[in-house]
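1. next comes the sequence, and after it the predicted model I'd like to discuss.
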Amino acid sequence: MVAFMDTLSIYEQFRASLGEEKAKVFAQTLGTMIEEAKNAATKDDLRLVHESLDASTARLDRLEQTVEKLAEAQVRTEARLDRLEQTVEKLAERMDQLTAVVEKLVIRSDRHEGTLLELKFRDRLPSYLGRYLRRAKVLQPADLLDEVEASLESAEVDDFLRADVLAQGTVDGEPTYVIGEVSYTADAGDIERAARRAALMRKATLAAVGLVACEAARPETLAYAREQGVRVWLDGVLLAERRE
């Protein structure tokens with residue numbers, strides 16, 4: 001192709017047809033045009049390359065700025081998350097403290113209610129148990145100390161003396177003692193203590209029935225009481241004992 005010919009090649013090609021002088025002039029002219037075309041193409045290419053580089057550089061700059069902004073945003077987000085985490089931890093600590101306070105208040109309230117119920121039950125026991133324990137008389141465990149001390153171990157006597165309530169009367173015409181626990185909300189521990197202390201009295205040859213007086217109790221607690229032969233006075237009513 002002509003675009004890749006040098007001046008000498010052009011001259012040799014056209015010398016025979018144009019003559020030496022004309023071929024020489026033609027070759028010089030055409031060579032100059034080819035060189036100018038090459039230079040023009042190179043300048044355009046360089047311009048395009050520079051423009052592309054400038055555009056790429058601008059895009060990279062914008063990308064770098066974007067990345068920097070994202071990094072700054074990430075730092076701010078992490079800082080906010082750290083503060084939020086600290087706030088949540090403080091709230092959790094306060095909730096734990098509040099829970100502990102509420103639990104203490106509930107315990108104190110239960111004890112207070114239990115104490116009031118114990119006083120009330122002792123005071124009105126003949127009325128509350130009148131149809132079950134005839135001619136009921138309220139006693140203090142210490143009133144029977146002489147009777148039980150001879151038959152029980154020292155630890156058993158101490159356990160007997162810690163009973164919340166003790167009364168004597170007749171059940172189905174037979175002299176009987178009722179011994180037990182008074183608790184606002186009865187649980188398995190109350191049932192066990194009532195059953196154990198009634199058993200201690202029977203060990204001392206005194207007829208006795210365990211009793212738990214309460215304002216509330218779970219169904220499983222009531223079932224356990226029936227299993228242990230402990231009577232339950234619940235919210236003003238003496239529950240029927242299980243009959244086989």
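-> Everything's here; your move.
2. now do the helix or strand where residue 116 lies: which elements does it pack against?
-> Residue 116 is part of helix 20-128, with elements assigned from DSSP states H and E. For helix 20-128, the elements it packs on are helix 7-18, strand 134-139, strand 165-171, strand 174-186, strand 208-217, judged by 3 or more CB pairs under 8 Å, 6 or more residues apart in numbering; DSSP states H and E. C-beta here means a position set from N, CA and C on the backbone, and glycine is covered the same way.
3. next, the angle helix 20-128 makes with the first one.
-> This points to helix 7-18. Angle of helix 7-18 versus helix 20-128, following axes from the mean of the first three to the mean of the last three CA atoms, to 10 degrees, is 140 degrees.
4. just checking, what packs against helix 7-18?
-> Secondary-structure packing of helix 7-18 (3+ CB pairs under 8 Å, 6+ apart): helix 20-128.
5. so what are the domain limits for the chain?
-> Structural domains of the chain, as assigned by automatic domain parsing, span the residue ranges 1-111, 129-238.
6. nearest to residue 120, of those domains?
-> The closest of these to residue 120 is domain 129-238. By CB to CB, the value is 8.9 Å.
7. now that closest one: how far from the chain's centre is it?
-> 41 Å (CA atoms, centre = their mean, to the nearest Å).
8. likewise for stretch 79-92?
-> 16 Å.
9. and the helix holding residue 116, how far out from the chain middle?
-> On CA atoms, centre = their mean, the centre of helix 20-128 falls 28 Å from that of its chain.
10. thinking again about what came up before, return the most buried member of the helices and strands packed on helix 20-128.
-> Comparing the helices and strands packed on helix 20-128 by mean neighbour count (mean count of other CB atoms under 10 Å), strand 208-217 comes out on top with a mean of 23.
11. tell me the angle that strand makes with strand 165-171.
-> Going by the same axes, to 10 degrees, strand 208-217 makes 120 degrees with strand 165-171.
12. run a quick neighbour tally on residue 99.
-> If you count neighbours by other CB atoms under 10 Å, residue 99 ends up with 10.
13. mind pulling up the pLDDT for it?
-> For residue 99, the model assigns a pLDDT of 72.
14. swap in the one 10 residues further on?
-> Here the pLDDT value assigned to residue 109 is 49.
15. mind checking how far residue 136 is from residue 153?
-> 29 Å (CB to CB, to the nearest Å).
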